[in-house]
Structure formats: structure tokens, C-alpha cells
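The amino acid sequence is not available; the structure is as follows:
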């Protein structure tokens, strides 16, 4: 069985890493490539890059950041933000990314998922799903950087997207994002139980116990955090030591 | 010099970056003549078996790879590049290169497929090739996998390491000049780099 993955997330805009609260109010966290290299060397299992304003600003993703990252890290990384076509995806993979995440582009054109999965394999296509609670036990998928309700139920969209060929789901709770109140356990468990691909939980990590909860109660395969790691409130080493003590199977880096 | 076989699939960039990091020179080639005369071959792979074999055949690379391996050239296959070495893959009902006897099957027992993530790789201690490839790598080592299918070698003596994902499978095979891994050493941090270094040291 695979280990539970710890994934630092680098939200970028204009080539810099930023961190927001509930998708707004961003704070500068530094150079993406420097941070990526640090995480790769200190035990991160994977990295996620999101160009969070690419869709809204209607511009392509920053390929040079992807290229420089690929030269400096030895672990897998995915890249997302503003991807609309199979050609966008090809360019990101050629620049050295291992996976591409799609959100708005896939909601507007679900066939994009199938096309990309057929061309590059399911494992390359990550559905980035930004979910917001509408009623108890009911979440909708949001697009355009969390600003627009797609009208789709998050659970139904997760199921449909995996049927179309998405190989993994990066599930962000908009309600929890940046609050440090813990992951959205109910949402994560619902999605994880309804799909047969790995689910990466995102949004709300505030302390190491939150990771234990989302792995055990939320049934997540991987957990993602940003500011917690960027501002060194918790190191990956401390987190992994704690999870190991709690009998969670994690990777111990050399 | 290591020749990375370009068959229009896979993460050639990652493999090339890793070789650079290890101080190796390489060329990326889709030319059968270059493949036949290469010193060392590396067949990477991310993608589907059917498309992979079609691309190899369309470019005449299947014949070139078989010839180079028969001539004793060191060969490293990664992920799909491992699976294609066998006779047959269940994926899209695909006849493969047939360099190693056996077939490639889909995971049946785990609910989540593809397997995506880090998993333990246990070297077969009685296999001298495994000892060479895993020199300096601690016992409980994890490597990065992304696969829905896995090979079942007909000759179990080629198995150099095993991994468990619902079922136990061969995660490394090694025989004569051939080494192949189901995981991605180029994406497996320092552990992966060490295994690649061992391959280069022992085979190249």
C-alpha cells in the first residue's frame, strides 16, 4: 500500500508564491523555485503549483517557473491554473511537470479531461475541485479561482470527472481555506468514498493533528498545506515524525 | 553516453534533468540507427501501452531496441518502459516487445487505481543484481509509483525487488544487461538518484 503523502502547495501569481485566506487577501511567501527545492530536499512527497490568477487574468501559465522547478526538484509535481486546451497541457508536461490540474477549463469543457487522459494517461490529469458548502452535507464546485458557482454538485462532478478520465482529485474546501481550523473532514470523506482515484485534501491545515484527522477520518490519500509550511509554523519533518508515532504509514526520506 | 529513447510518450524532460544532475551526458533520439548503435539505452514511459507500442513500431524502434539488447547494450526501462519489455499487456490488448517472457496485468484488489504515490520496494536478497542495484539504500525504502498495470514475469529469477499494492508484484526486474523498474527513480528523491547511480556504476 502506498504511503500517505504530504504536499506543500505553492500558490503563485505573477511568478511569486502567495498565500491567501478563503481565496483572497494574498501575502507574499517568496520565490517558487527556491521554496520548491527546499521542500524537495526536506521530505515533501510531492509539490503542487497553482497559478491562481491565470484564469481570471486570461493569460498562460508561467512556463519558465515550471522549467526551473523541474531542474531543481527530484519529486513529482503538478501544475495548474488557466489550462483550457490539450496544447496548454502538453506545454506544461514538456516543461517538466508530471501532472496537470484542471478546474475551470474542465467544467466549461468536460471533454478536455478525456482528451488529455487519452493523450498523456489518466495519472497526468488531476481534477482540481474547489468546493463550497451550500447546505449541510451538500457542496458545489466553484470555478474562476473560487469566485463562480458552477452549479454542479461537488460529489457528482468528482464522480463524472473520474469517469471521464481524471486520475486524481485535488479537493480544496473554500470554506476552510486559509482558516487553519482543520481540513473539511466530511467533504473529503464523501468525495473519497465516491471515487476510485486518490484524493488530495486541501484547505484548512493548521496543526499536525489536522493531518492525522484527514487521513484517518477523512480517508484522504494525501494532504496539502501552504502557509503552514511556507512560514515554517510546522516542518515536514516534525509532521512526519508525529504521523509515524500515530501509526500512519509515511515515507521516510533519506 | 546514455541514449534516451523518444517515442512521443513519457516524461523525457524529467529523466534528462536527472541524468544531468548525476553528471551524465545523454542524447534524446527517435532514430533507429542511433538506438542500434547506442552505448546505453533508457526507455522512459508515462502513458498507455497501446499507444506506446504503436509509436515504437511506427518509428521502427521496436526492432532497434531488440537488436541493441541482444547485442548486450545496458538497458534501463522505467514504468511503461518496463512493461513494454514483456510479451503482452492487458492494457488495450497489446502485444509488446517480447524481450522478457510474461504479461502485464491490471491491479485487481486495491480500490484506488492507478496506484499513485510512494510505496515500499523490497529487494530480493538472494538476487545478486538486486544487491548491486540497492547498494547504500536503507532497507525500508519507498519509491514513487504511478501505475494501473504491473508485469508478471514468467521467469521469477528475473525479479530483483517486489512491492505490494493489494497484490504483490515485481517492481524491479534485472537480468544480464537489462534492468527495469515499475517505479520512477527519477522522481523518487535521493533514494531514486542512488539507484540510478548504482545502475550507471554497475552496468554502464
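All right, it came through fine. This structure is a prediction, so every number in the text was calculated from the model and none was measured.

wait, what's in contact with the closest residue to chain B within the stretch 1-150 of chain A?
Per Cβ to the nearest Cβ, the residue of the stretch 1-150 of chain A with the smallest distance to chain B is residue A:2, at 3.6 Å. (Each C-beta comes from the backbone N, C-alpha and C, glycine too.) With contact set as Cβ atoms under 8 Å, 6 or more residues apart in numbering or on different chains, residue A:2 has these partners: A:221, B:115, B:116, B:117, B:118, B:119, B:145, B:165.

quick one: residue B:144 from residue B:79, how far?
Residue B:144 sits at a distance of 10 Å from residue B:79 (criterion: Cβ to Cβ, to the nearest Å).

now do residue B:20
Applying Cβ to Cβ, one obtains 20 Å for the distance of residue B:20 from residue B:79.

Between the two, tell me which one has more neighbours.
Set side by side, residue B:20 and residue B:79 give different neighbour counts by other Cβ atoms under 10 Å in any protein chain shown, the larger being at residue B:79 (29 against 12).

Thought residue B:44 was touching that one, still the case?
Yes - look at residue B:79 against residue B:44 with Cβ atoms under 8 Å: they come within range, at 7.3 Å.

Just the element for residue B:117, please.
Following DSSP states H and E, one finds residue B:117 within strand B:115-120.

Is chain A within reach of stretch B:37-56?
Yes - judged by Cβ under 8 Å from any Cβ of the partner chain, stretch B:37-56 comes into contact with chain A through B:46, B:47, B:48.

Please indicate which of the residues you listed are buried?
For these, a burial check counting by 16 or more other Cβ atoms under 10 Å in any protein chain shown picks out B:46, B:47, B:48.

isn't the last one right up against residue B:90?
No - if you go by Cβ under 8 Å, residue B:48 and residue B:90 don't touch, sitting 11.6 Å apart.

the inter-axis angle of the longest helix seen in chain B versus strand B:115-120?
The helix spanning the most residues in chain B, taking DSSP state H as the definition, is helix B:189-203. Orientation of helix B:189-203 against strand B:115-120 (axes from the mean of the first three to the mean of the last three Cα atoms, to 10 degrees) gives an angle of 70 degrees.

Packing partners of helix B:189-203?
Using 3 or more Cβ pairs under 8 Å, 6 or more residues apart in numbering or on different chains; DSSP states H and E, the elements in contact with helix B:189-203 are helix B:12-21, helix B:128-133, strand B:142-147, strand B:178-181.

contacting residues around residue A:175?
By Cβ under 8 Å, 6+ apart, the contact list for residue A:175 reads A:22, A:132, A:133, A:184, A:203.

Of those residues, grab the buried ones for ChimeraX.
Selection of buried members from those for ChimeraX, criterion 16+ other Cβ under 10 Å:
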select /A:132,133,184,203
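
Specify the next element, helix or strand, located C-terminal of the helix or strand harbouring residue B:162.
Assigned by DSSP H and E, residue B:162 belongs to strand B:159-165. Read in the C-terminal direction, the helix or strand following strand B:159-165 is strand B:167-175, with elements assigned using DSSP H and E.

can you tell if that next one touches chain A?
No - Strand B:167-175 lies apart from chain A when judged by Cβ under 8 Å from any Cβ; the minimum separation is 11.2 Å.

rewinding a little: pLDDT of the strand holding residue B:162, averaged?
Averaging pLDDT along strand B:159-165 yields 98.

what lines up beside that strand in the sheet?
strand B:122-123 (antiparallel), strand B:167-175 (antiparallel) (DSSP bridges).

Please point out which parts of the last one sit buried.
Residues B:169, B:170, B:171, B:172, B:173, B:174, B:175 are the ones in strand B:167-175 that count as buried (16+ other Cβ under 10 Å).

By residue count, which strand of chain A is the longest?
For chain A, the strand with the greatest residue count under DSSP state E is strand A:125-135.

So out of everything in chain B, what residue is nearest chain A?
Taking Cβ to the nearest Cβ, chain B has residue B:117 as its residue nearest chain A, at 3.6 Å.

Identify the residues contacting the residue lying farthest from the centre of chain B.
Relative to the mean C-alpha coordinate of chain B, counting by Cα atoms, centre = their mean, the farthest residue is residue B:111 (24.8 Å). With Cβ under 8 Å, 6+ apart as the criterion, the residues that contact residue B:111 are residue A:196.
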